[in-house]
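Asker: structure for the following, please:
(chains A and B)
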Amino acid sequence: MIAENTVFTRTFSEIPVSKKEILRYAGAGSITPEITLLLDECLKASQGCFSYQVCYRLFPLTFGETLDLGFAETSSRSLRKNLQGCDKILLFAATVGLGIDRLIARYSTLSPAKALLFQAIGAERIESLCDIFCADFEKELASEGRFAKPRFSPGYGDLPLSLQRNIFRALEPPRRIGVSLNESLLMTPSKSVTAIIGIATKGAAHEHS
Amino acid sequence: MNILEYLKDHLMLLDGGMGTLLQARGLEAGELPERWNLSHPIDICEIHRAYFDAGSQIVMTNTFGANSLRFSADELESIIAAAVQNARKAQAESTRPGEKWVALDIGPTGKMLAPYGDFEFEEAVSTFAETVRIGARCGVDLIFIETMNDSFETKAALLAAKENSSLPVFVSNAYGEDGKLMTGADPEAMVALLEGMGADAIGVNCSFGPKTLAPVVEKYLQTASVPVFFKPNAGLPKAVNGKTVYDVSPEEFAEDVTALIRKGVRLAGGCCGTTPAYLAALAEKSADVVPPVLEEKAFPCVSSYTHAVRFEKKAVLIGERINPTGKKRLKEALRAGDMAYVLQEGLAQQEKGVDLLDVNVGLPEICEPEMLRRAVFELQAVIDLPLQIDTADIDAMEAALRIYNGKAMVNSVNGKKESMDAVFPLVKKYGGLVVALTLDENGIPETAEGRLAIAEKILHEASRYGLKAKDLIFDPLAMAISADPNAAGETLRAVKLIREQLGCKTSLGVSNVSFGLPQRDAISSAFFTLALENGLDAAIINPNSVEMNKAYRAFYALRGQDENFADYIAFAESMPTVNAGSAPAPAAALKSDEENRSALQRAIMKGLKDLASATAEELLLHTAPLTLVQEEIIPALNTVGKGFEEKTIYLPQLLMSAEAAKAAFEAVKKALSGGTSASRCPFVLATVKGDIHDIGKNIVKLLLENYGFAVTDLGRDVAPEKIVEATVALHAPVVGLSALMTTTVAAMEETIVQLRKAAPWCKIVVGGAVLNREYADAIGADFWSRDAMETVRYAEMIEKNLSENPTC
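Answerer: As a prediction, the model looks like this:
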């Protein structure tokens, strides 16, 4: 079990790419040879521009009048529902780095079609990173007879985006993985995610899916 | 004693981690450690004292995050004052003999600088400046900027330190596992930037343990001429029985750091996870080690936000295309503020293999300081080549150097007193490799010896500012042989003389030599070869010139400086194969017009940009431009647009087709030679203030342009006033506003209010992820557009109404 009270960082090297997912993010309903060609070109250009990093920390979870997440309190009903049966949470921030933002910026005026594909590549990359990180964590929990709830981010359901400020105080992503928060509560690099994973003991929760 | 004097012949120890020790003393998660200077002065003092006692000679104040973003002015002042007091008290109380200093610690702001974040460069400078001024008032001995993972923010902090104190400044960056900063800089790029700006010592801290960071530190030692320091973590944190421990022990840490001291590190300490025990071990281990003598590195270099370019072996190629002289299309783009065109020129040159880009945006009718600053800012956001800032306007030069994310090449200074008085202080302050033209008040000397004499004079004057030979590169001026047949010979001799007599580097604007003669490339490229043979170090060239590229690659192949001819062969393979003199045009003529026509439509519908452009060019040989638009491009676009509306074609295909159509339009524009294309009505487009998302807006722009609307794109983050101004000036009948964030819809509403007042005739269409019809109605827009095609249809409708009812 990872220790409380410390923020850990983890770097991933290679994460397999799903072209199908990328094209789904790009809104490509039908896949023509021309699009596949353009996608291959974009994938080649984006090779080596990713730096997959996650920082995370465990917090105790207390159900009271409000939900005490260990680093902030919230009255979000949807998060409360998601965390039902849990006694701890893992808070994490993940990013694929600034490189893809540069590619998107480079092509946003020169070629909107490519910019769209780079956007989609970035979206697929960060989701894949979160999936792998969470899967690894679930495995670790399973060995201890515990399991993880699906990850839950600020902005889902009624969990306010303003929780981002608390998350950033708790994890310090700027100095750990180079992710910063702007005045509009958006993150840079844009392909970054913060989320909460509830941790429960087997049998303690009613609705493990 | 002055710390810089002491540093010259001593190895110095810095302190270790602070955060870990504060947590052990009860600092809560999310609590700001800087407040402990006031609330727990004894704890802070004890930690500093423990470091002094363990052997640290420089201790950093507990002010990592002490800046005006986190604290009010009053609290900031008292926190820093207390922090300095705590460190001074520890210094006084420490019983270990020897010299001791207190450094003002400055960490990153935690905000990302524009354009990728929302923190403006100058805001960052003034934020750091406030901390620096308070620290200097409180009497610290030096400033220690640390854990910076962005080169641009590092520059802002160093600039603030230099502008607001005369204290020594040490600068430390935090590198990732890939040996680069988070925003991309490699060690050599950082060394170039920091030394150029006059950092007194530079180094590496945080991130990892000493072994992982060793390659980065070695790079520093190979490239830096100032003292290098090292402050790594105690490895990585690990969980052992539910407790956190770092995986490098004090002994191993001391061993690994001392190994690097032997290689030249002159100041050493620790970062996260290190404690006084680590410093004590390091003090013991390194006690008898004498680091090798610090050597001045002689090679000139420049850098971008990713890498440095050395002027050492092969001549550096500088692309000359971003210069409006004689370029009608670029002039037009600059006047219209069309940065997309400038970026495109930059990217095209990068693809041709140049090492640097010259940036000159001087036009009589534009504000050059503003335009040059903007061009540099936008280019460096997306292109990783170092830039050569090319201007005669000293304000423009400073504005651009200030915002430049690296060490720039500066074009130029010359032997006139006025020029040197103005340019050298800027180069000294911001860093840079300055091109020095060998001319002065008396003009350009005819002989090579005369030019050498001016070069000597410039070199001497530069030394008075503390600039060295490696900060200058001389341009002995290539002159037209058509005016003086001996011109080339004298220039070549000057190149040789400057190299041999002064040991300095040279650069030439090569193509000037052929001015006034036919087939200029033949002369220019032969001269280029001769100049290279005489030792030329850099050349400003047109990268599109095949002859110049041939001369360059062939020279190094002949000179035995192209291993396995790898560069030459790669270049040769990139050349289009020309067989039996058959140009593509006659081949195309074999096809019937009918086939070509459908070929263009097919190319557009399939989204094949290059094919669309080439096919359009062929057709234009015997088809009227407007006929081509009416009968080929528009029908193809309509087919695709309709498909999109009927959901048989999706967004990526639509965009690819739009880009292909745009390429065909470019060919048409060229054929019309200067804009008699009948544009449709004006359309003002902007992403509203506070919003930096512009992909959606750019898609709308592309399609509107395809359909012939005269789009004025004001860009992103545009103030309401600016949108009103453009709408009124153009009497635009329709304005499009885009917003992606809920927080910026307010700015959209404000823009609409102002537009209604100043331009009551115009129709306003809004779009963007957060908007829907209800929202659009609520903020008073005329139309909510679901996508780009709908915006086109709406604009067409407005235009139709206008022509039927022209009174409004």
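Asker: now name the helix or strand holding residue B:50.
Answerer: helix B:41-54 (DSSP states H and E).
Asker: buried set for that helix?
Answerer: Neighbour-count burial for helix B:41-54 flags B:41, B:43-54 (criterion: 16 or more other C-beta atoms under 10 Å in any protein chain shown). Where you see a C-beta, it was placed from the backbone N, CA and C, and this is true even at glycine.
Asker: domains of chain B?
Answerer: B:3-286, B:301-513+B:531-541, B:584-671, B:682-804 (automatic domain parsing).
Asker: can you redo these as CSV with distance to residue A:119?
Answerer: Rendered in CSV, the data for the domains of chain B read as follows (distance: least, C-beta to C-beta, whole Å):
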stretch, distance to residue A:119
domain B:3-286, 15
domain B:301-513+B:531-541, 15
domain B:584-671, 11
domain B:682-804, 7
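Asker: pick out the shakiest of the ones you listed, pLDDT-wise.
Answerer: Here those differ in mean pLDDT, and the lowest is domain B:584-671 at a mean of 81.
Asker: is any part of that domain close to chain A?
Answerer: Yes. Using C-beta under 8 Å from any C-beta of the partner chain, domain B:584-671 reaches chain A at B:606-608, B:647-653, B:655-656, B:658-659.
Asker: if we can go back for a sec, among the domains of chain B, which is nearest residue A:81?
Answerer: The stretch from the domains of chain B with the least distance to residue A:81 (C-beta to C-beta) is domain B:682-804; that distance is 23.9 Å.
Asker: could you confirm whether that closest one reaches chain A?
Answerer: Yes. Residues of domain B:682-804 are located near chain A by C-beta under 8 Å from any C-beta, namely B:690, B:694, B:695, B:698, B:699, B:702, B:741, B:743, B:744.
Asker: which SS class is residue A:17?
Answerer: Following DSSP: H, G, I helix; E, B strand; the rest coil, we place residue A:17 in the coil state.
Asker: pretty sure it contacts residue A:43?
Answerer: Yes. In this structure, residue A:17 is within contact of residue A:43 by C-beta atoms under 8 Å, at 6.8 Å.
Asker: and the longest helix along chain A, average pLDDT?
Answerer: In chain A, assigned by DSSP state H, the helix with the most residues is helix A:112-142. Averaging the model's pLDDT scores along helix A:112-142 yields 95.
Asker: list the buried ones in that helix?
Answerer: A:112-130, A:132-134, A:137-138, A:141.
Asker: kindly identify which of those also come near chain B.
Answerer: Answer for the buried residues of helix A:112-142 near chain B (C-beta under 8 Å from any C-beta): A:112, A:113, A:115, A:116, A:117, A:119.
Asker: list just the nearest of the residues you listed to residue B:446.
Answerer: For those, the nearest to residue B:446 is residue A:115 (53.7 Å; C-beta to C-beta).
Asker: ok, back up a step: in CSV: the residues of domain B:584-671 next to chain A, plus secondary structure and neighbour count.
Answerer: Output for the residues of domain B:584-671 next to chain A, formatted as CSV (DSSP: H, G, I helix; E, B strand; the rest coil; neighbours: other C-beta atoms under 10 Å in any protein chain shown):
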residue, secondary structure, neighbour count
B:606, helix, 19
B:607, coil, 25
B:608, coil, 21
B:647, coil, 8
B:648, coil, 12
B:649, coil, 21
B:650, coil, 19
B:651, helix, 19
B:652, helix, 27
B:653, helix, 26
B:655, helix, 27
B:656, helix, 28
B:658, helix, 28
B:659, helix, 23
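Asker: next, count neighbours for residue B:797.
Answerer: 13 (other C-beta atoms under 10 Å in any protein chain shown).
Asker: actually, residue B:508.
Answerer: A count of nearby residues for residue B:508, using other C-beta under 10 Å, gives 26.
Asker: just the element for it, please.
Answerer: strand B:505-509.
Asker: so which residues make contact with that strand?
Answerer: Here strand B:505-509 makes contact (C-beta atoms under 8 Å, 6 or more residues apart in numbering or on different chains) with B:300, B:311, B:316, B:318, B:320, B:435, B:472-478, B:491, B:494-495, B:498-499, B:531, B:535-540.
Asker: report the buried members of those.
Answerer: Buried among those (16+ other C-beta under 10 Å): B:300, B:311, B:316, B:318, B:320, B:435, B:472-478, B:491, B:494-495, B:498-499, B:531, B:536-540.
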